[in-house]
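K.L.:
Have a look at this prediction, sequence included:
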Amino acid sequence: MASLGTIITQAIVHHYGRDAFLQRLSHPFWFQSFGAVMGMDWHSSGITTSVIGALKRGLAPVQDELGIYVCGGRGQHSRKTPDELMALGDRVGFDGAGLTRASRLVAKVDSAAVQDGFDLYLHGFFVTSDGKWTVVQQGMNGDKRQARRYHWHSEALKSFVDAPHSAIDGPAQGQIVNLTDHRADVSRTAQLELLTELGPDRIVSEFERLSGTEPAQALLPHLIMPAHHDVRPKDVFARRLHGTLAAAAERGPVDFPELLLTPGVGARTVRSLAMVAEVVHGAPYRFNDPARFSLAHGGKDRHPYPVPIKVYDETIRVLKDAVQQAKLGREEEMQALRRLDDQARRLERTATGPSVEAYIAGERVASPALDGRSVFGWERDLVAPGKLRDTSTG
């Protein structure tokens, strides 16, 4: 995941710049699709930890070259964010103290100003060498075993307490005190007045009068993942899948002839590359079915199928070579990936193909030959008589 995430990041920065990468991280549907195409469980809360951890490890050797730095993480790593930002500020030259203040404010807002029953345990701070940043942090409701993710982006930030989020992800539930809602401005002002001008009796009476009222949630991109683990037809826009498959079949022989010579893997890799290309080039509306991107490299938990290691490694090899060639001014391979994405969008209007169930079934059959692997082990070992475990329904 660290290798693939790094190469995708490099491709995005090459085509669109660092600011565009930060903007994508702040969009919940893209973030979820990014994790899915990297082989993480497509709907799990663990996708946040995995993506941030993979990028922190993978980008470290090239962070100065890209001008993108990843601070924080899960648990104790989140508490190290201020020290990391201050050290980077001294080394890189941006305002470490100002960014440390921003990091602390973001964490404080989502733990105090937004009281929704989710306790923060993860804080990922992405910052560029010119001081722009995106924060992705997550809270957990232990009783319900559910997570909620909060996205922030400095580009559109006008205030830390007035509609600051670029997105909040998670199922709606119960009463939520959201003092960051723009329509709660009167409430924020009134609270200061209560603290400075009124005594405790008046505060209690005001609370009783207002009890039961709740400012409406601002209209943000809102991603709610289903309870089921397996990928179902309703989770995937089939026409987009068919466009990807058709584009791989059409552009593969033209743009990836040497790749197709790889016995048993090449053509399959082109299909994965088409999905990776969409993660690099796709518009935000393209990611409202993140489950589709799990069809590129499967998932660690065998949903929708085990990660095909041969395909995964070949995808990394092709992308790495394309990025390295682009650094030398040779754009042919990077442009081939872009054409693959363009063709998929054109063909999805007319292309036909297998159902989602049939596609997944085919990948499961091919999995042992492609070195399929999951948390349960190598697929070639699991299909031995008496060893196969059916994990297809979670």
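P.N.:
That came through, no problem.
K.L.:
When you work out contacts or count neighbours from here on, use the C-alpha atoms and nothing else.
P.N.:
Fine.
K.L.:
Can you give me every residue that contacts the closest residue to Thr100 other than its chain neighbours?
P.N.:
Nearest non-adjacent residue to Thr100, counting by CA to CA, 6 or more residues apart in numbering: Pro82, 5.0 Å away. By CA atoms under 8 Å, 6 or more residues apart in numbering, Pro82 lies in contact with 100, 103-104.
K.L.:
Phi, psi for Pro82 please.
P.N.:
The phi/psi pair for Pro82 (degrees, to the nearest 10) reads phi -60, psi -40.
K.L.:
let's number from 580 now, not from 1
P.N.:
Yep, numbering from 580; the last one is Pro661 now.
K.L.:
if we can go back for a sec, is it possible to mark the buried ones in the contacts of Pro661?
P.N.:
679, 682 (16 or more other CA atoms under 10 Å).
K.L.:
Give me the subset of the contacts of Pro661 lying in helices.
P.N.:
Among the contacts of Pro661, the residues falling in helices (DSSP state H) are 679, 682-683.
K.L.:
Show me which of those residues is closest to Asp900.
P.N.:
Nearest to Asp900 among the ones in helices among the contacts of Pro661, counting by CA to CA, is Ser682 at 35.9 Å.
K.L.:
close enough to count as contact, that closest one and Val706?
P.N.:
No - if you go by CA atoms under 8 Å, Ser682 and Val706 don't touch, sitting 10.7 Å apart.
K.L.:
contacts for stretch 882-898?
P.N.:
Applying CA under 8 Å, 6+ apart, the contact partners of stretch 882-898 are 582-583, 586-587, 618, 620-621, 808-810, 844-845, 847-848, 851-852, 873-874, 876-879, 939, 942-943, 946, 949-953, 958, 971.
K.L.:
which of those count as buried?
P.N.:
Buried subset of these (neighbour count, 16+ other CA under 10 Å): 582-583, 586-587, 618, 620-621, 808-810, 844-845, 847-848, 851-852, 873-874, 876-879, 939, 942-943, 946, 949-953, 958.
K.L.:
where are the low-confidence patches of the stretch 780-929 of the chain?
P.N.:
Scanning the stretch 780-929 of the chain for pLDDT under 70 picks out the ranges 780-799.
K.L.:
which residues in it form strands?
P.N.:
Assigned by DSSP state E, counting those that start in this stretch, the strands in the stretch 780-929 of the chain fall at 886-887.
K.L.:
give the contact list for Ser873.
P.N.:
So Ser873 contacts 612, 615-621, 883 (CA under 8 Å, 6+ apart).
K.L.:
Present those residues as a markdown table; the columns should include distance to Gly718 and secondary structure.
P.N.:
Converted to a markdown table, the contacts of Ser873 look like this (distance: CA to CA, whole Å; DSSP: H, G, I helix; E, B strand; the rest coil):
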| residue | distance to Gly718 | secondary structure |
| --- | --- | --- |
| Ser612 | 20 | helix |
| Ala615 | 20 | helix |
| Val616 | 23 | helix |
| Met617 | 22 | coil |
| Gly618 | 23 | coil |
| Met619 | 19 | coil |
| Asp620 | 18 | coil |
| Trp621 | 18 | coil |
| Pro883 | 26 | coil |
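K.L.:
for the record, mean pLDDT for the host helix or strand of His594?
P.N.:
Counting by DSSP states H and E, the element that carries His594 is helix 581-595. On average, the pLDDT along helix 581-595 is 97.
K.L.:
now that helix: how far from the chain's centre is it?
P.N.:
Computed by CA atoms, centre = their mean, to the nearest Å, the separation of helix 581-595 from the middle of its chain amounts to 13 Å.
K.L.:
now the helix or strand following that helix and helix 581-595, what's the angle there?
P.N.:
Heading C-terminal from helix 581-595, the first helix or strand you meet, by DSSP H and E, is helix 597-604. Angle of helix 597-604 versus helix 581-595, following axes from the mean of the first three to the mean of the last three CA atoms, to 10 degrees, is 120 degrees.
K.L.:
Can you name every helix or strand that helix 597-604 contacts?
P.N.:
Helix 597-604 sits against helix 581-595, helix 607-616, strand 712-720, with contacts defined as 3 or more CA pairs under 8 Å, 6 or more residues apart in numbering; DSSP states H and E.
K.L.:
Give me the buried positions along it.
P.N.:
Buried, per 16+ other CA under 10 Å, within helix 597-604: 597-598, 600-604.
K.L.:
cool, and stretch 635-652?
P.N.:
635, 637-638, 642, 645-652.
K.L.:
ok, Thr823 - contacts?
P.N.:
Contact analysis of Thr823 by CA under 8 Å, 6+ apart lists 850, 853-854, 920, 923-924, 926-927.
K.L.:
can you give me the helices in the stretch 780-929 of the chain?
P.N.:
Ranges of helices in the stretch 780-929 of the chain, per DSSP state H, counting those that start in this stretch, are 817-834, 845-860, 873-876, 888-906, 911-926.
K.L.:
Only the buried residues of the fourth one, if you could.
P.N.:
It stands for helix 888-906. Buried residues in helix 888-906 (16+ other CA under 10 Å): 888-891, 893-895, 897-899, 901-903, 905.
K.L.:
closest to Gly861 among those residues?
P.N.:
Distances from Gly861 to those, taken by CA to CA, are shortest for Leu898, at 16.8 Å.
K.L.:
wouldn't Met617 be in contact with Met580 here?
P.N.:
Yes - Met617 is within contact range of Met580, at 5.5 Å (criterion: CA under 8 Å).
K.L.:
which of the two has more neighbours?
P.N.:
Met617 (29 against 20; other CA atoms under 10 Å).
K.L.:
thinking Ala853 is in contact with Arg918, fair?
P.N.:
No - using CA under 8 Å, Ala853 makes no contact with Arg918, being 9.3 Å away.
K.L.:
Looking at the two, which one has more neighbours?
P.N.:
Ala853 (28 against 17).
K.L.:
Quickly list the domain ranges of the chain.
P.N.:
Per the record, the chain has its domains at 581-789, 812-961, by automatic domain parsing.
K.L.:
could you dump those to a markdown table with distance to Pro800?
P.N.:
What follows is the domains of the chain, written out as a markdown table (distance: least, CA to CA, whole Å):
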| stretch | distance to Pro800 |
| --- | --- |
| domain 581-789 | 5 |
| domain 812-961 | 10 |
